[in-house]
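J.: Predicted model, plus sequence, below.
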Amino acid sequence: MIADAKKTSAHPDTNRRGSLILCLILVALAAICVYANTVGSDFVWDDNGLVVDNPLIRSWSSIPRFFCQGINSRPDEGSYFHRPLQMISYTLDYSLWGLRPAGYHITSILLHAAAAAAVAWLAYLITGALALAGAAGLLFAVHPVHTEAVAYISGRADLLSALFMLLGFVSYVRWIRSRTASPLFLTLSCFALALLSKESALILPLLLLLYNASFKERCRWGGLSAIAGIALAYIIVRAALLPELIPPMEKAAGAPGIVERAPGFFAAVATYLKLLVVPAGLHMEHGKKVFNSFHPLVLCGLSATVASLAGAWAARKRAPLVSFAIAWFFIGLLPVSNLFRLNAYLAEHWLYVPSIGFFLVIAAFFNGTFEKAAHKKAVVAAFCCLLVCFSCLTVLQNRYWKDPIALFTRTLLYSPGNHHVYNNLGIAYGKKGLEQDAEAMFRKAIEANPRSFLGYYNLANAYAAKNRHDDAIALFERALEINPRYLRAYVNLGNSLIVLGRHDRAITAYSRAIEIDPAYINAYNNLGNAWSAIGNNENAVKTYKRGLDINPRDPVLYYNIGESYAALGDRENAVSSYMQSIRLAPRFAAPYYRMAEHMFEGKRFSDAREYLRKAEGLGYAPDPRFAEKLKNAGE
């Protein structure tokens, strides 16, 4: 692909269009091949909150909520990111795959493949050089620095945002070179979709202006004004929906200000460039480091920034593509420059869009070298070796994402003493049944950060699982002292109180959870169970029905309503509720068994036997005495 370096016109002929399509397909296939081994990976880290434990993605009726709130499904966790398209993509995945992670990974791989092809397409439109475009697309497709965005399901926002930004840019270039308005409409649509995927897409207007300035393209101010109008409208609407840009913990007294954070940007630039050139030591959690202005990383990053920008200015006439690419890299970093406080001074997935500038420079280098080289095959061989090297590193890096224990253990090597990692490693151990190892990690999380409410919460859950409910209650209460709005701590506190027979306190805990989030279904379910446990089935039914107002398709709520109606002696409503539960969840065994009991009471023995058979087929273990009575009934 490097060998073809001839320039093309803005309107390529049929053969040229066919070559471009083939190039884009090859770039996409390269991306799919290097990330294919992520399909077997599990949910990790934020995937649990955004996907596994998120009830909202399980119903298309939640889509309006995605546009009106942040990505977190519960207000106790804060909502500082407005990314409805990311959440809609998870809803689509759930409708296709349920909670099988392979499907979510396939979606991410396909989005990355599309983004890589879009990089090549944009490069071709800008330069007219198919070889250079293919090289840039391939480098983007296989570079291991993107594993955090692609192999991590929660990195979906980067993929969506980049894809729509690139498609919007492609449409913009086509609009400038055409006399029709349809490409502008596509640009505006893609920009809006990019913004709904991730806030950092606000840099697109700057990149478009950069393109006009770098390549001396005419500015069509009407279209640019429309693009700016979308950006302004988004800022206003987002500010109204989510006025908080910074989590409360980041605004606490003593948190570093912008002057203290500024050196960290240059340290990040140095690290980013190192990872792009030598992608070794890739890992999560780089931390919230604050750097001294004379730290070696800061000085290296500052020098690289000044030299790069000076080089871009000097090359603006002689090599406008290089000038454009360097400026793209730094504009791409603006949203993550810690102008507003972020949860780290750098993250590898933040390079997803800025890296395009770097790959354009490398592609231009190989393309220019090829054109001047006496031994052109050597240049092609060198580029192929680079691609193979990056591809192998990507495949190897993907393996860390297959197993949460491997991922978090590796992360601790680079981020020792990180309480977030200890908590996540403990959860991973717990899922494997390694209870002692899990408890040890939770204790380490608390030692590393005595205000880690998640450390107390997770250790409390571990104690509750071992029936140490008094100890668990003390830890749940400690977690709630630190974070009084943590819903799951209230619910699990209530669960432990129920086991110990302290129903009044449990009802208070569940009620507090509902006060914090009136849409938290689990709290209604458990509160209803608490009312039922003390014999107040009237309140139980009312509570369950409040839950159904939020999610009218919850089979467990219908089953529990049936249980309460049965306790009240209302057989008709009990049967109706059990049947609705069965309609909503045909593989939910418990309502079949209850229907068998009710059919038996109504002397409909044939129906009772059929319901019992279905319950047993779904793994339900019936009361042997009832089974025997039913067997002998009617004989």
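T.: Perfect, I can see it now.

J.: need the helices for the stretch 251-400 of the chain, in chain order.
T.: Per DSSP state H, counting those that start in this stretch, the stretch 251-400 of the chain carries helices over the ranges 258-277, 296-314, 320-333, 355-372, 376-398.

J.: before we move on, what about the stretch 101-250 of the chain?
T.: Using DSSP H, counting those that start in this stretch, helices in the stretch 101-250 of the chain cover 101-127, 130-142, 147-150, 156-176, 182-195, 204-215, 221-241.

J.: Against which helices or strands is the fourth one packed?
T.: Right, helix 156-176. helix 84-97, helix 101-127, helix 147-150, helix 182-195, helix 204-215 (3 or more CB pairs under 8 Å, 6 or more residues apart in numbering; DSSP states H and E). For every residue, glycine as well, the C-beta is placed using N, CA and C.

J.: still on that earlier bit, and residue 220, which of the helices of the stretch 251-400 of the chain is closest to it?
T.: helix 320-333 (18.6 Å; CB to CB).

J.: winner for burial among the helices and strands packed on helix 156-176?
T.: Of all the helices and strands packed on helix 156-176, helix 147-150 carries the top mean neighbour count, a mean of 26, counting by mean count of other CB atoms under 10 Å.

J.: residues in contact with that helix?
T.: If you take CB atoms under 8 Å, 6 or more residues apart in numbering as the criterion, helix 147-150 is touched by 35, 38, 108-109, 112, 155, 158-159, 282, 284, 347-349, 352, 394, 397-398, 401.

J.: Output the helices of the stretch 251-400 of the chain as a markdown table; include the columns mean neighbour count and mean pLDDT.
T.: A markdown table is the format used below for the helices of the stretch 251-400 of the chain (neighbours: other CB atoms under 10 Å; pLDDT from 0 to 100):
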| stretch | mean neighbour count | mean pLDDT |
| --- | --- | --- |
| helix 258-277 | 19 | 95 |
| helix 296-314 | 16 | 97 |
| helix 320-333 | 22 | 98 |
| helix 355-372 | 21 | 96 |
| helix 376-398 | 16 | 97 |
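
J.: Would you format the helices and strands packed on helix 156-176 as TSV with distance to residue 409 and mean pLDDT included?
T.: TSV is the format used below for the helices and strands packed on helix 156-176 (distance: least, CB to CB, whole Å; pLDDT from 0 to 100):
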stretch	distance to residue 409	mean pLDDT
helix 84-97	27	97
helix 101-127	20	98
helix 147-150	17	98
helix 182-195	36	97
helix 204-215	39	96
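
J.: any chance of those in a markdown table, with distance to residue 445 too?
T.: Formatted as a markdown table, these follow (distance: least, CB to CB, whole Å):
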| stretch | distance to residue 445 |
| --- | --- |
| helix 84-97 | 27 |
| helix 101-127 | 25 |
| helix 147-150 | 22 |
| helix 182-195 | 36 |
| helix 204-215 | 39 |
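
J.: Quick one: closest of these to residue 481.
T.: Nearest of the helices and strands packed on helix 156-176 (CB to CB): helix 84-97, 31.4 Å.

J.: ok and that closest one relative to helix 101-127, angle-wise?
T.: Here the directions of helix 84-97 and helix 101-127 differ by 130 degrees (axes from the mean of the first three to the mean of the last three CA atoms, to 10 degrees).

J.: measure stretch 199-209 end to end?
T.: For stretch 199-209, the first-to-last residue distance is 19 Å (CA to CA, to the nearest Å).

J.: what's next to that stretch, contact-wise?
T.: Stretch 199-209 is contacted by residues 81-83, 161, 164-165, 168-169, 172, 191, 194-195, 219, 224, 227-228, 231, 234-235, 238, 328, 331-332, 334-336, 353 when judged by CB under 8 Å, 6+ apart.

J.: Just give the nearest non-adjacent residue to residue 137, would you?
T.: residue 120 (2.8 Å; CB to CB, 6 or more residues apart in numbering).

J.: ditto for residue 362
T.: residue 139 is the one closest to residue 362 (CB to CB, 6+ apart), at 6.0 Å.

J.: what's the neighbour count on the one you found?
T.: When neighbours are counted by other CB atoms under 10 Å, residue 139 registers 27.

J.: repeat for residue 606
T.: By the other CB under 10 Å criterion, the neighbourhood of residue 606 contains 9 residues.

J.: go on, residue 609?
T.: Other residues near residue 609 number 18, with proximity taken as other CB under 10 Å.

J.: so it is in which element?
T.: According to DSSP states H and E, residue 609 maps onto helix 605-617.

J.: between the helices and strands packed on helix 156-176, which one is nearest to residue 558?
T.: Here helix 84-97 is closest among those (CB to CB), at 20.6 Å.

J.: all helices of the stretch 501-635 of the chain, in order?
T.: 503-516, 521-533, 537-550, 555-567, 571-584, 589-601, 605-617, 624-632.

J.: Confidence-wise, which of those is weakest overall?
T.: Ranked by mean pLDDT, the helices of the stretch 501-635 of the chain bottom out at helix 624-632, with a mean of 91.

J.: Alright, calling it a day.
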